[in-house]
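Undergrad: Please find the sequence and the predicted model below.
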Amino acid sequence: METQPIRVLLVDDHPAILDAVSAGVRAATDLELAGTARNLAEARAALGSHDGAIDVVVSDVQLAGDAEGLRLLDGMTPDGPSVLLLSSYDQPPLIRSAFERGAAGYLIKTSQVAEILDAVRTVAAGGTAFSAAMLRAIRSAPRRPS
C-alpha cells in the first residue's frame, strides 16, 4: 500500500533558508513541496489556494521584520495543517507564545535540514517538535505582551 507524501508549505523571507529546506523536501521521497511563500500574505494565499492540500507549514517566526509567523498561527483552524516554526531566536517567552498559539514545533534556524525534515514528519504524524529544554523554558517563561 502506497502512502501519500506529506505536503509541505515553506514560509521564509531568507532565500538561503527557503532554498536549503526546499531542496531537502524535494529530495525526500516521503515529502512533497506544496509551495513557498516569503511573507504572511503569500502564506495565507497559498493556504487558501490549496484548500486542505497542505499537511505541514514550516514558517519563520520573523517575517518582514515582524512576528508574522505567530500571526499565521492565529489564523489556523484545528483541522488545518500543523505548523512548525523556525527562528533565529530561542527566547523562552517567544517559544511559549508559539506553543500557546498552537505551534506543533519550534526549531532554531541553526538546525540541520535533516532535523527540520524529521520534525516535519513528526508533526505530520500528530506529534510535537519541541526539545525538552524548550518545554522546560515554556513552563517558566513569562507571557509575552499581546
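TA: Alright, I've got the coordinates.
Undergrad: what packs against the helix or strand that contains Val57?
TA: Under the criterion of DSSP states H and E, Val57 resides in strand 56-60. Applying 3 or more CB pairs under 8 Å, 6 or more residues apart in numbering; DSSP states H and E, we find strand 56-60 packed against strand 6-11, helix 40-50, helix 68-74, strand 82-87, helix 113-124. The C-beta positions use only the backbone N, C-alpha and C, and glycine is treated the same way.
Undergrad: if we go to 7 Å?
TA: Counting contacts by 3 or more CB pairs under 7 Å, 6 or more residues apart in numbering; DSSP states H and E, strand 56-60 packs against strand 6-11, helix 68-74, strand 82-87, helix 113-124.
Undergrad: partners of that strand, with directions?
TA: Paired with strand 56-60 in the same sheet, following DSSP bridges, are strand 6-11 (parallel), strand 82-87 (parallel).
Undergrad: Let's have these in a markdown table, adding mean pLDDT, distance to Gly127 and mean neighbour count.
TA: Conversion of the strands paired with strand 56-60 to a markdown table gives the following (pLDDT from 0 to 100; distance: least, CB to CB, whole Å; neighbours: other CB atoms under 10 Å):
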| stretch | mean pLDDT | distance to Gly127 | mean neighbour count |
| --- | --- | --- | --- |
| strand 6-11 | 97 | 13 | 25 |
| strand 82-87 | 95 | 9 | 24 |
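Undergrad: could I get those as a markdown table with distance to Ala34?
TA: Output for these, formatted as a markdown table (distance: least, CB to CB, whole Å):
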| stretch | distance to Ala34 |
| --- | --- |
| strand 6-11 | 4 |
| strand 82-87 | 13 |
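Undergrad: For this structure, name the helix or strand with the lowest mean pLDDT.
TA: Sorted by mean pLDDT, DSSP states H and E, the helices and strands of the chain end with helix 132-140, the least confident at a mean of 80.
Undergrad: Thanks a lot, catch you later.
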